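J.: need the 3D shape of this:
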Amino acid sequence: MAYDDLRDWIKTLEKHGELKRISEEVSPDLEITEITDRMSKAGSRSTGQGSVDAQKYAPGGPALLFENVKGHSGHKVLINQFGSERRMAMALGVQRIDEIADRITGLMNVKAPEGLFDKLKMLPQLGALTAAFPKTVNARDARCKEVLLKGKDNAGRVDFDLNQFPILKCWPHDGGRFITLPCVHTRNPVTGKRNIGMYRMQVYDGQTTGMHWQRQKVAAEHYREALRAASSDRVAAMAESAGGAVSVPDGPIGGLPQVAFANLKGSRLEVAVAIGTDPATTFSAIVPAPPEVEEFMIAGFLRGKPVEIVKCETVDLEVPAHAEIVLEGYVEIGELRGEGPFGDHTGFYTMTDEYPVFHLTCITHRKDPIYAATIVGKPPMEDAWMGKAVERIFLPAMKMTIPEIVDVNLPVEGVFHNLMLVSIKKSYPGQARKVMNAIWSLGQAMFTKCIIVVDEDCDVQDIGEVVLRVANNIDPERDIQFTLGPVDSLDHASRLPNYGSKMGIDATRKWKAEGFERPWPAMIEMDAATKARVDAIWAKLGL
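T.: Residues are numbered from 1 along each chain as shown. The predicted structure follows:
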């Protein structure tokens, strides 16, 4: 099922009892966060549920639509829309997330048809591929352009202001209000490839925000490509600015002048931000897809229907035609500003750091726009369900690159980039270590701080079973390896920002071919015949 837009999705949530409307006046300053945090942890083992009846709600609680936001009469805030296993599946139009993984596996295993029957069987797959391509519509048919703000009033002031929207301040020590669920659109200045990413945006004033694209994200690479293009010496520009990550003086850092950074002023990378899109498009913004694959195509594949897009008013980019709100503008190359602190999905505050500044040139929106947001903090929260969906959907692609993988589990408490549990079909000595290194070379998986590898007979979804294997199967000095490399920007424990150590644990059975000479004991398990006899009399036991 493809939802036309956010409002279509909201109707479906309400129809299926997955939405709660809140008419009581609530402040966007901390109060919405506290309410949502309590609800998102309902039904979980986590503490801090306040007055929530844990038995009343399924894990994750309902989606929430705040209809009376203090200081923003007439505005609504939607939050926790993806915050349960059921809603995450509903958002992607399936009963189970694994259905999408099955579709991806089918596409990967497609073979040349040998006859008419084979060709007919391929039609659904071809249809899915056709649906992946976005469809451009005229501005008059784009609901995101019902209201256009790109001019000036009689006093010469611009008529667009972010402060009109109920943007949240999430946690007490946050540096300000943050846009938390934006679909940020950029274009590679060299290849022209479009990208949609999700990067928080701290509101500085009515016309500027921070743009928190972390160093290894695709939009950050687009920024670096623009920096390279504006520089007389590309290598020096990258080295002296740490890849565009630090502010540099107009003169050289040391030695002879290599890059005249003052000359970069005025060089821009255009950006557009869509807030409140259909759920598949929003989800596609967090998907760790290769840069060559546009998120519009991912969303179309997930929807089974093309995403309708429209040209922006002031920048050369396309955005979802029926988004609730669209922000247009640019970042200026070389301009950075302090961003943060921000209460993050790690459960800790991310401290202040320098990031590019987003300058607005235009705002378009629907009449009475619905502001879509999320909050992050100590898990489990809404992002937990989104992350688990990514895990299941991209397992087939991971297996395609590392075929010995049986299953993976990114525990919610490991906040996705801190812990990965992997089961493998071990076929040769040292294979567990080969898998670790393969994962650390695989896209966003390179940030994984700890990887635990177990044998194929261990269910990695059963944390207790994994702990049993790890605790019993390793000799710590022999079976733990460390490596250095890039780490997540949110890792506050690393020795340097974005650079630190990672750990792999080989908890597989050790082979003689790996130098293990002692006998390896069998795991305890009842024999099949006894199990069958007890099954036959179980109903008579009164247990």
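
J.: the strands in the stretch 401-543 of the chain, which residues?
T.: All strands of the stretch 401-543 of the chain, identified by DSSP state E, counting those that start in this stretch, fall at 405-409, 419-424, 450-455, 480-486, 499-506.

J.: center of the chain, which residue is that?
T.: residue 286 (3.0 Å; CA atoms, centre = their mean).

J.: that one against residue 198, yeah?
T.: Yes - between residue 286 and residue 198 there is a contact at 5.1 Å, judged by CB atoms under 8 Å. C-beta coordinates here come from the backbone N, C-alpha and C atoms, glycine included.

J.: hang on, the earlier thing: residue contacts, the residue nearest to the centre of the chain?
T.: 198, 386-387, 390 (CB atoms under 8 Å, 6 or more residues apart in numbering).

J.: if we use 6 Å, what do you get?
T.: 198, 386 (CB atoms under 6 Å, 6 or more residues apart in numbering).

J.: distance of it from residue 485?
T.: Using CB to CB, to the nearest Å, residue 286 is found at 23 Å from residue 485.

J.: do the same with residue 21
T.: Taking CB to CB, one finds residue 21 at 47 Å from residue 485.

J.: swap in residue 318?
T.: Going from residue 318 to residue 485 by CB to CB gives 35 Å.

J.: more neighbours: those two, which one.
T.: Neighbour count, other CB atoms under 10 Å: between residue 318 and residue 485, residue 318 has more, with 21 against 13.

J.: one step back: and what about the residue nearest to the centre of the chain, helix, strand or coil?
T.: coil (DSSP: H, G, I helix; E, B strand; the rest coil).

J.: for the stretch 101-250 of the chain, which spans come out with low pLDDT?
T.: Within the stretch 101-250 of the chain, the stretches with pLDDT under 70 are 106-130, 153-154, 232, 246-250.

J.: which residues of it fall in helices?
T.: Taking DSSP state H, counting those that start in this stretch as the test, the helices found in the stretch 101-250 of the chain are 116-131, 218-230, 234-240.

J.: and for residue 309, nearest residue in space, chain neighbours not counted?
T.: Spatial nearest neighbour of residue 309, chain neighbours left out: residue 318 (4.2 Å); criterion: CB to CB, 6 or more residues apart in numbering.

J.: go on, residue 229?
T.: residue 189 (5.7 Å).

J.: these two touch, right, the one you found and residue 225?
T.: Yes - if you go by CB atoms under 6 Å, residue 189 and residue 225 touch, sitting 4.8 Å apart.

J.: the stretch 151-300 of the chain: strands as residue ranges?
T.: Here the stretch 151-300 of the chain has its strands, by DSSP E, counting those that start in this stretch, at 178-179, 182-187, 194-197, 201-202, 208-210, 268-275.

J.: tabulate these (CSV), appending mean neighbour count and distance to residue 492.
T.: CSV is the format used below for these (neighbours: other CB atoms under 10 Å; distance: least, CB to CB, whole Å):
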stretch, mean neighbour count, distance to residue 492
strand 178-179, 26, 18
strand 182-187, 26, 24
strand 194-197, 23, 22
strand 201-202, 26, 18
strand 208-210, 25, 18
strand 268-275, 25, 27
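
J.: residue 231 is nearest to which of these?
T.: Each of the strands of the stretch 151-300 of the chain has some distance to residue 231 by CB to CB; the shortest is strand 268-275, at 13.7 Å.

J.: now the helices: where do they sit in the stretch 351-500 of the chain?
T.: 382-393, 395-401, 431-440, 463-473, 476-479.
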